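1. A structural model of the following input is requested.
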Amino acid sequence: MNSRLSKFCFFAAISFLLNCRPENLPKKNRVFHYNQPNPVTSLDPAFAKSQNNIWLIDHIYNQLLDLDDSMRLVPEIAKNWDVSDDGMKYIFHLRNDIFFHKNICFGVDSTRKLNSSDVEFSFKRLLDPALSAPGRWIFIDKLDSIKPFNIVDDSTIEVNLKKPFSPFLSLLTMQYCSIVPHEAVDFYQKKFNEMPVGTGPFKLNKWIDRQGIFLIRNPEYFKKNLPLLEGVRVSFIEDRNTAYLEFIKREIDFFSGIQSSFASQLITVEGNLRPELKDQFIFLKSDYLNTEYLGINLEAFPQEHAIRDKRVRQALNLALDKDLMAKTYRYGIGTAAHAGFIPKGLMAYDPQTVRGYSLNVEKAKELLQVSGYFNKPKLEKEIVIYTNKDYLDLVTFIARQWQEVGIELRIELMETGTLREKMRNGSIGFFRASWIADYPDEESFMTVFYSKNGAPPNYTRFKNAEFDKLYEAAVKEIDMNRRINLYQEMDRILIEEAPVVFLLYDQTALFGQRNLRQLKGNPINLLKLEQVDEIN
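-> Numbering: from 1, shown residues only. You can find the predicted model right below:
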């Protein structure tokens, strides 16, 4: 079948299915079915690096603390906690009614109660160099080197830091910090990544290679009367168009993200669900802690290059219509970046207090003129933008806008892996990138510009003594209001020095069947299912 006919058949199928009434489509039982285009590689929390792994691990395990929909810290395994006045000691008081999933590692169809030793074991395991876990960075250089952990009793454990780090509690909400039993690690050994044993709302039923993973309800879950679903099924359909057709047929309950082949079938140009689909689907659009940007590594440019003048970098920001960009290339999913690097969804985000860049072509031209940009030879003013093919349309839009004010540039395409490696080794000076929060705290974004950090995260090699001073004060500060002020002052420095071109604050686009209840989005793009239910 040729590509044109294939595309016609795809859209014909969509049109037919979208016009079907929900009552004419098959009913389902209370098993939540969603698709991950990339197969899961591990169910070991220490390797919870990618979204496809993180979502499933979150269904199976718990951490000491969790986050509510507003990204506030809430109790989970720890019912409460205390922090010393100097910010160096964290004391966690654990619930005494949490049991691990029944599993043969505890004996035939047996289990046991979670205790403080499990917390210590899980954290020490994460730190173990022999494991080479990607989540090891969470504790490296943060814990006291002599006595990082102290078990007071079965339900009380102390964690000691070597110096204050104010986002520490937020770090502990990451899936890397899930609590695992030593019996399961010892019993399954290298197979532990395929045989998870947690305390979460669901437990593994079976994993059929690249076809799918099936979870069943944990009847002994410590949150009474939860979960409401009987199970969870995860498919691994790589082709998003195929997965989308399954969603329209109600074979899949949930769909995440959009792409050009079907975006206009679902949402309007304003980024809202099409009115005729409101009886069929739920559409959730929520702020996502991800800042899209163009990075500028000045070290990769010769001393005489125009971009080393911050007025030129400011002009790049002013000559870009970010609102039109968000509407045209993101289908209204995302917020134009008119503040700093801290995205919408965090407390320090305030475009009224931290004023960034909005379209001002005349001001951009003026800055270019006074900087001497137009008088420089081509080699000293031409900008090469490096990107991968997924963002070529977006970068082309940006390039055309800049060319209208007289900026000379060209676009170079690279494979994603090559692009990331060159960003890391500093051999390219201008590149499209994004930064997703590892945890919901402003520090996760400001660390990108701390001069003592390498790449990652500091791909721009930004160096500013005042910024560093504010950063070091912020990570020690316990008072949240003072921390917000420090972060906002840091953001103002970034706006002034412009080591990046601020593009967008991302949003998630989640689609669900109309019969779903309590399906919600959140700023860290987790799929929380313990309170979700399906009503036929």
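2. So residue 282 sits against residue 518, correct?
-> No - between residue 282 and residue 518 there is no contact under CB atoms under 8 Å: 10.7 Å. In short, each C-beta sits where N, CA and C put it, glycine included.
3. Of those two, which one has the most company?
-> residue 282 (17 against 11; other CB atoms under 10 Å).
4. on that earlier part again, list residues touching both of residue 282 and residue 518?
-> Shared contacts of residue 282 and residue 518 (CB atoms under 8 Å, 6 or more residues apart in numbering): none.
5. Now do the helices in the stretch 151-300 of the chain.
-> 168-171, 182-188, 240-248, 263-266 (DSSP state H, counting those that start in this stretch).
6. Figure out which of these is closest to residue 408.
-> Nearest to residue 408 among the helices of the stretch 151-300 of the chain is helix 263-266 (33.0 Å), distances taken as CB to CB.
7. List the residues that contact the nearest residue to residue 182 once chain neighbours are set aside.
-> Spatial nearest neighbour of residue 182, chain neighbours left out: residue 121 (4.9 Å); criterion: CB to CB, 6 or more residues apart in numbering. Under the criterion of CB under 8 Å, 6+ apart, the neighbours of residue 121 are 180-182.
8. same deal with residue 145?
-> With contacts taken as CB under 8 Å, 6+ apart, residue 145 has the following neighbours: residue 162.
9. Give me the helix or strand of the protein that scores worst on average pLDDT.
-> Taking mean pLDDT, DSSP states H and E as the measure, helix 3-18 is the helix or strand of the chain with the lowest mean score, a mean of 45.
10. how about residue 466, secondary structure?
-> helix (DSSP: H, G, I helix; E, B strand; the rest coil).
11. excluding its backbone neighbours, what's nearest it?
-> The nearest residue in space to residue 466 (CB to CB, 6+ apart) is residue 493, at 6.3 Å.
12. measure the one you found to residue 468 for me?
-> Between residue 493 and residue 468 the distance is 10 Å, computed by CB to CB, to the nearest Å.
13. what do you get for residue 492?
-> For residue 492 relative to residue 468 (CB to CB), the value is 15 Å.
14. Now tell me what touches the following helix or strand past the least confident helix or strand of the chain from outside.
-> Later in the chain than helix 3-18, the nearest helix or strand by DSSP states H and E is strand 31-35. The contact list for strand 31-35 (CB under 8 Å, 6+ apart) reads 229-237, 243, 246-247, 251-256, 527, 529, 532, 534.
15. Drop anything exposed from those residues.
-> Buried positions within the contacts of strand 31-35, assessed by neighbour count (16 or more other CB atoms under 10 Å), are 229, 231-237, 243, 246-247, 252-256, 527, 529, 532, 534.
16. Next step: the residues you listed restricted to strands.
-> Secondary structure assignment by DSSP state E places 231-235, 254-256, 534 of the buried ones among the contacts of strand 31-35 in strands.
17. a markdown table for those, including distance to residue 477 and pLDDT?
-> Putting those into a markdown table (distance: CB to CB, whole Å; pLDDT from 0 to 100) gives the following:
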| residue | distance to residue 477 | pLDDT |
| --- | --- | --- |
| 231 | 45 | 96 |
| 232 | 40 | 97 |
| 233 | 45 | 96 |
| 234 | 41 | 96 |
| 235 | 45 | 95 |
| 254 | 39 | 93 |
| 255 | 41 | 87 |
| 256 | 36 | 88 |
| 534 | 45 | 86 |
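18. With respect to residue 309, which of these is nearest?
-> For those, the closest approach to residue 309 (CB to CB) belongs to residue 256, at 42.0 Å.
19. can you count the residues close to residue 479?
-> Around residue 479 sit 9 other residues, with neighbours defined as other CB under 10 Å.
20. mind starting the numbering at 18 from now?
-> Let's use 18 as the start, then, which means that last one is residue 496.
21. okay, it: pLDDT?
-> The per-residue pLDDT reported for residue 496 equals 90.
22. hey, where'd the helices end up in the stretch 418-553 of the chain?
-> Using DSSP H, counting those that start in this stretch, the helices found in the stretch 418-553 of the chain span residues 433-442, 460-463, 482-491, 497-514.
23. so can I have TSV of those showing distance to residue 371 and mean neighbour count?
-> Below are the helices of the stretch 418-553 of the chain laid out as TSV (distance: least, CB to CB, whole Å; neighbours: other CB atoms under 10 Å):
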stretch	distance to residue 371	mean neighbour count
helix 433-442	26	14
helix 460-463	12	23
helix 482-491	13	16
helix 497-514	5	19
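24. Quick one: closest of those to residue 452.
-> When the helices of the stretch 418-553 of the chain are compared (using CB to CB), the closest one is helix 460-463, at 6.4 Å.
25. Residues touching that closest one, excluding its own?
-> For helix 460-463, the surrounding residues in contact (CB under 8 Å, 6+ apart) are 183-184, 306, 308, 358-360, 363, 452, 454-455, 488, 491-492, 504, 507-508.
26. In contact with residue 336, which residues are there?
-> Residue 336 sits next to 376, 378, 381-382, 418-419, 421-422, 424 when contact means CB under 8 Å, 6+ apart.
27. Buried only: go through these for me.
-> Buried by 16+ other CB under 10 Å: 376, 381-382, 418-419, 422, 424, out of the contacts of residue 336.
28. With respect to residue 172, which of the ones in strands among the buried ones among the contacts of strand 48-52 is nearest?
-> Of all these, residue 249 has the smallest distance to residue 172: 30.1 Å, by CB to CB.
29. Where does pLDDT dip in the stretch 18-167 of the chain?
-> Applying pLDDT under 70 to the stretch 18-167 of the chain flags the ranges 18-46.
30. what's the spacing between the closest residue to residue 537 other than its chain neighbours and residue 512?
-> Among residues not flanking residue 537 along the chain, residue 86 sits closest, at 5.7 Å (CB to CB, 6+ apart). Noted for residue 86: a distance of 30 Å to residue 512, by CB to CB.
31. what do you get for residue 230?
-> Distance from residue 230 to residue 512, by CB to CB: 44 Å.
32. now swap in residue 521 and tell me
-> Per CB to CB, residue 521 is found 16 Å from residue 512.
33. and if you look at residue 240?
-> Look at residue 240 and residue 512: by CB to CB, they are 43 Å apart.
34. same deal with residue 330?
-> Distance, residue 330 to residue 512, using CB to CB: 11 Å.
35. do the same with residue 552
-> Taken as CB to CB, the span from residue 552 to residue 512 is 48 Å.
36. got a list of what residue 442 touches?
-> With CB under 8 Å, 6+ apart, residue 442 has these contacts: residue 472.
37. Relative to residue 404, how far out is it?
-> Residue 442 sits 17 Å away from residue 404, taking CB to CB as the criterion.
38. bridging residues for the nearest residue to residue 48 once chain neighbours are set aside?
-> The spatially closest residue to residue 48, leaving aside those adjacent along the chain, is residue 248, at 4.4 Å (CB to CB, 6+ apart). Note on residue 248: beta-bridge partners residue 48, residue 233, judged by DSSP bridges.
39. Is it correct that residue 248 is in contact with residue 218?
-> No - with contact defined as CB under 8 Å, residue 248 does not count as touching residue 218 (10.7 Å).
40. what's the overlap in contacts for those two?
-> residue 234.
41. Walk me through the domains of the chain.
-> Structural domains assigned to the chain are 18-54+218-297+531-553, 77-205, 305-524, following automatic domain parsing.
42. residues touching the residue nearest to residue 483, list them.
-> Contact partners of residue 510, counting by CB under 8 Å, 6+ apart, are 481, 483-484, 487.
43. circling back: does the residue nearest to residue 537 fall in a helix, a strand, or a coil region?
-> Look at residue 86: counting by three-state DSSP, its state is coil.
44. That one and residue 536, how far apart?
-> Counting by CB to CB, the gap from residue 86 to residue 536 is 11 Å.
45. Please say which of these two ends up with more neighbours.
-> Using other CB under 10 Å, the more surrounded residue of residue 86 and residue 536 is residue 536, with 21 against 11.
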